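Enquirer: Predicted model and sequence follow; I will ask about them next.
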Amino acid sequence: MERTISVGDWIRVGTDEGQVKEIRWRQTSIETRNWDTIVIPNSVLMRSQVTLLGHRVGAPRQQRRWIYFNVDFRYAPSEVIAAVEAALCAEPIDKVAPDPAPHCLLIDFKDSYATYAARYWITDLAPTDPVDGVVRARLFYALRRVGIPLSMPARALFITEDDEARRDRKRREEIEARVAALRGVELFHPLTEDERRVLAERISDALFVKGEAITRQGAEAHWLYIIRKGEAEVRVKVQDGELTERVAILGVGNFFGEMGLLTGEPRAATVIALTDVECYRVNKEIFQEGLRQRPEIAQDISNILARRRVELDSVVGQLNADAMRQRMQNLHGDFLNRIRNFFSLDGHK
């Protein structure tokens, strides 16, 4: 037995599960995840089926975990699986193995919903509940971002005192909050108040869990984020391909992703949530209509883009004041042309 089980192994004997802490002549002691110590006579071990958890010959110790969840039939399995797998694989999760990669499966059909499972392998068998909690949070936020709610059983009944007047009031309050957020973003200063209100009615919410990548350097994404709750950090890759220490910390009212929204340029930095983060997301399609109606605001926007790019370049390349001014002049015309091309504003001066 001593050659089969070693101190440090995780084992299951009957309903008892824990890490082996001591092996003696007559007994073996295991410690559970609740920090209880179970003393098992070796005679019982010899007569019982003992499972070595996460043990494979010639392979690292990893154990597979399952998280089950339900989604209404209205949503295609491909959409659900893609959203979950993207969230679980985009940014490493502490103590979750990258290989095999986490994945999502359609498990079963019920009366009013489909059952799915997220599967992943943990590298440390002790903190299973905390790791499961992080995975559940990633899953929840990922589905919320794409507009897929978790399903309730069909027999669940909710009674609320909500009427049309109350819903209208809540909607107006939300629009006012969005207008205020847009008003605080320098990029939208050239817009009139009415134009900001039209934009506010069409932007969407995007939620991210702590540790999740909101956007990644080099990715193509034609939208801008405005943080309305939480904090995020900005990281920039240098020549060796490694992420630097923090370049900046973003909080409520800060925005990022303007280059992707206005020029289609790949992301210049990686932004990762330091806390749970709630954002407003402005897509190219909803900004395009206003820009085509008043193409002259592209001049002001190109100035703002040029200045923000020079500020970022100065952090990475340590530009002096003269170099920053020269680069600002060069970038202004370039950004103006790119905005016109990206939004099909050719012919407007």
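Expert: Great, that's in hand. All values reported here derive from a predicted model rather than from experimental measurement.
Enquirer: Now do the one helix or strand Gln329 maps to: which elements does it pack against?
Expert: Element membership for Gln329 (DSSP states H and E) is helix 321-342. Packed against helix 321-342 by the contact rule (3 or more Cβ pairs under 8 Å, 6 or more residues apart in numbering; DSSP states H and E) you find helix 258-263, helix 297-317. Just so you know, the C-beta spots here come from the backbone N, C-alpha and C atoms, and that holds for glycine as well.
Enquirer: so the last one versus helix 321-342, what angle?
Expert: With axes from the mean of the first three to the mean of the last three Cα atoms, to 10 degrees as the basis, helix 297-317 and helix 321-342 are set at 130 degrees to each other.
Enquirer: Next, the buried residues of helix 297-317.
Expert: Residues of helix 297-317 classed as buried by neighbour count (16 or more other Cβ atoms under 10 Å): 297-298, 301-306, 308-310, 312-313.
Enquirer: Where do the helices of this protein begin and end?
Expert: 42-47, 77-90, 128-145, 164-183, 193-200, 258-263, 284-293, 297-317, 321-342 (DSSP state H).
Enquirer: Give me whichever of those helices is most buried.
Expert: Stretch with highest mean neighbour count among the helices of the chain: helix 258-263 (a mean of 22; mean count of other Cβ atoms under 10 Å).
Enquirer: Contacts for that helix next, please.
Expert: Helix 258-263 is contacted from outside by 187, 215, 220-224, 265-268, 282-284, 287, 301, 304-305, 308-309, 335, 338-339, 342-343, using Cβ atoms under 8 Å, 6 or more residues apart in numbering.
Enquirer: thinking Glu186 is in contact with Asn303, fair?
Expert: No. Here Glu186 lies out of contact with Asn303, judged by Cβ atoms under 8 Å, at a distance of 10.1 Å.
Enquirer: show me where pLDDT drops low in the chain?
Expert: 1-3, 153-162, 239-243, 315-319, 346-349 (pLDDT under 70).
Enquirer: show me what contacts the residue minimising distance to the centre of the chain?
Expert: Centroid check for the chain by Cα atoms, centre = their mean gives Glu212 as the closest residue, at 3.7 Å. The contact partners of Glu212, by Cβ under 8 Å, 6+ apart, come to 87, 90-91, 138, 141, 272-273.
Enquirer: Equivalent analysis for Glu22, please.
Expert: 7, 28-29.
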